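In: Kindly generate the corresponding structure for this input.
(one chain, ligands or ions: 1)
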Amino acid sequence: MKSALITGITGQDGPYLAELLLGMGYNVYGVARGQSNPRLQTLQETHPDIHVLSADLIDASSLDRVIQESAPDEVYNLAAISFVQYSFAHPLLTAEVTGLGPLRLLEALRRNGGSRTRFYQASTSEMFGNAIETPQSERTAFRPRSPYGCAKVFAHHATVNYREAYSMFAVGGILFNHESPRRGIEFVTRKISYHAAGIKMGRLRNVELGNIEAQRDWGYAGDYVRAMHLMLQNDQPIDYVIGTGITHSVRDFVEAAFSCVGLHWQDHVIVRDDHKRPAEVNLLCADASRARSELKWRPTVGFEQLVEMMVTNDLRTWQTIP
Ligand code: F7E
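Out: Residues are numbered from 1 along each chain as shown. Okay, here's the model as predicted:
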C-alpha cells in the first residue's frame, strides 16, 4: 500500500486530495499545525481515515518526525500562508512559512533518506503576477506582485533546484485559482457566495469588495487535486500549469452569484478602495495545454456550475447558522 503525506490538511485542497488518495487505497497522513486548530476537529470527524500528525513548516525537527513516522512514498506540500492580502500585512512571516517552509521540507526529506520520495510543491499562478503574456504557460516568466507571490517563486525555484541538484522527483504544480464550497470565506469567490446567500435569506444586507475588475481563471478544486496526483505518477518530474483557460472578472462572479439567488448585485455590492491591494494582479489565464496532452488532465466543472455549486452550498450553510 502506498503512503502519502499531505501538509496543509485543514485547508481547502487537503481534504479533496485525501479523499482522492484514500479512494485509490493510499494510507494518508495529514499534517496540521497549531495547538487548537478548530478546523482539525471537523476534519477528524468527517475524515477519520486520515492519520493526523502535528508539525509546522517553521519547525524543522517537527518535519523530521512526521517524515520518519509516515515514511511516505509521496509528499504533497499544500501548507502555506495562502491569503495574498494577509501576506502584505505579514511579509516576513509569509516568507518564513510559504517560502522557506518548502525548503525545510525538502531538506527534511534528504536528511531522512526520503530522496526517493516523490515531492509535490503547491506552486501558483500568483508567481506570474504582472504577467508579461497571456495566457501563461510553463514558459512564462515570473513577475510576482505580493509577498505571497515572491515566497512562492522562491519555493518553486527551490523545488526545481532539488530536482536538478539531488535528482529528486520534485515538481511544482502551477495551479491557477481553484475554488469550492470548502474555500475559506476570506477569498473572494466564497466571500461572494456566502454573502449572496445570506442576503437572499435576509440575514445580511450588503457585501463590501475591493477591485472587482480583477480577472482570474477560476476552476474547481476537486479537479485540481487530480492534477497534483497525476504529476507525481508521471515518468519524469515535470512542472505543469493547471487551469481552465477561461477568464472571468470578479464582477462576473458577483453577477453570476447574485443571479443564482434572483437578486441584482448592484443593489448589494459596495466597492471600497481600502479593500484594494497595494499591488494587484490584474489578469491571469492559463495555457494548460501541456497538462492536457501529457497528463490527459481536463477540468470537469465550468464557471457557471462552480458559482452555482458554491451559492447552493451557502444557502444550506445559512440554514445551520442560528
Ligand atoms: O482574490 C479581488 C482581489 O483573494 C481574487 C489564493 O488561493 O489564488 C488565490 O489568490 C481577486 C483579487 O485570490 C475582494 O483583489 C476584490 O484580484 O480570492 P482572492 P487570489 O489573490 O487570486 C491563487 C492562485 C493563490 O495561490 C492564492 O493562495 O479578487 N478582490 N474584492 C477581492 N479579494 C478578496 N479576497 N476579498 C475582497 O473583498
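In: Please list all residues in contact with A170.
Out: 106, 118-119, 121, 159-160, 162-163, 237 (CB atoms under 8 Å, 6 or more residues apart in numbering). (Each C-beta comes from the backbone N, C-alpha and C, glycine too.)
In: ok, now with 6 Å
Out: A170 sits next to 119, 159, 162-163, 237 when contact means CB atoms under 6 Å, 6 or more residues apart in numbering.
In: Count the residues that sit near the residue lying closest to A158 once chain neighbours are set aside.
Out: Leaving aside its chain neighbours, A158 sits nearest to L103 (4.7 Å; criterion: CB to CB, 6 or more residues apart in numbering). Neighbour count for L103, taken as other CB atoms under 10 Å: 19.
In: Do you have the strands of the stretch 51-200 of the chain handy? List them.
Out: 51-54, 74-77, 118-124, 170-175, 178-179 (DSSP state E, counting those that start in this stretch).
In: By residue count, tell me the biggest helix in the protein.
Out: Longest helix of the chain, by residue count under DSSP state H: helix 147-166.
In: now it: mean pLDDT?
Out: Averaging the model's pLDDT scores along helix 147-166 yields 98.
In: One more: stretch 53-67?
Out: If you average the pLDDT over stretch 53-67, you get 98.
In: Likewise for stretch 12-32?
Out: Summarised as a single mean, pLDDT over stretch 12-32 is 98.
In: and that stretch, how far out from the chain's middle?
Out: 15 Å (CA atoms, centre = their mean, to the nearest Å).
In: how far away is Q266 from the ligand?
Out: Separation of Q266 from the ligand (CB to the nearest ligand atom, to the nearest Å): 16 Å.
In: Checking that residue next. Helix, strand or coil?
Out: Look at Q266: counting by DSSP: H, G, I helix; E, B strand; the rest coil, its state is helix.
In: Neighbours of it, how many?
Out: 9.
In: Likewise for S54?
Out: Neighbours around S54, by other CB under 10 Å: 15.
In: measure it to E96 for me?
Out: In this view, S54 and E96 are 18 Å apart by CB to CB, to the nearest Å.
In: try R277
Out: Relative to E96, and taking CB to CB, R277 is found at 21 Å.
In: I246 too?
Out: From I246 over to E96 the distance is 35 Å, taken as CB to CB.
In: same check, this time on M24
Out: Taken as CB to CB, the span from M24 to E96 is 34 Å.
In: More neighbours: which of these two?
Out: Between M24 and E96, counted using other CB under 10 Å, the more crowded position is E96 (16 against 11).
In: In contact with L209: list those residues for me.
Out: V271.
In: Looking at it now. What's its pLDDT?
Out: Model confidence at L209 (pLDDT) stands at 98.
In: next one: Q215
Out: Looking at Q215, its pLDDT reads 98.
In: Also Q35?
Out: pLDDT, Q35: 78.
In: can you list the residues of the chain near the ligand?
Out: For the chain, the residues in contact with the ligand (CB under 6 Å from any ligand atom) are 82, 84-85, 124-126, 176-177, 186-189, 191, 209-212, 214, 216, 250, 275, 277, 280-281.
In: Just the buried ones out of these, please.
Out: If you count burial by 16 or more other CB atoms under 10 Å, the buried members of the residues of the chain next to the ligand come out as 82, 84-85, 124-126, 176-177, 187-189, 191, 209-212, 214, 216, 250, 280-281.
In: the domain parsing of the protein - what is it?
Out: Split into domains by automatic domain parsing, the chain comes to 3-178+218-242, 184-216+246-319.
In: Most tightly packed of those domains?
Out: domain 3-178+218-242 (a mean of 20; mean count of other CB atoms under 10 Å).
In: and it, how far out from the chain's middle?
Out: In terms of CA atoms, centre = their mean, the centre of domain 3-178+218-242 is found 9 Å from the chain centre.
In: SS state for G222?
Out: From three-state DSSP, the assignment for G222 is helix.
In: Please apply the same query to the one 5 residues further on.
Out: Under the three-state scheme (three-state DSSP), A227 adopts helix.
In: Might you report the residue contacts of it?
Out: Taking CB under 6 Å, 6+ apart as the test, what A227 contacts is 242, 297.
In: rerun that using 8 Å as the cut-off
Out: Counting by CB under 8 Å, 6+ apart, A227 touches 173, 175, 240, 242, 291, 295, 297.
In: Kindly report the same for Y166.
Out: Per CB under 8 Å, 6+ apart, neighbours of Y166: 110, 115.
In: From the ligand, how far out is it?
Out: Distance from Y166 to the ligand, counting by CB to the nearest ligand atom: 26 Å.
In: Quick check, H248 in contact with E213.
Out: No. Using CB atoms under 8 Å, H248 is not in contact with E213; the gap is 11.3 Å.
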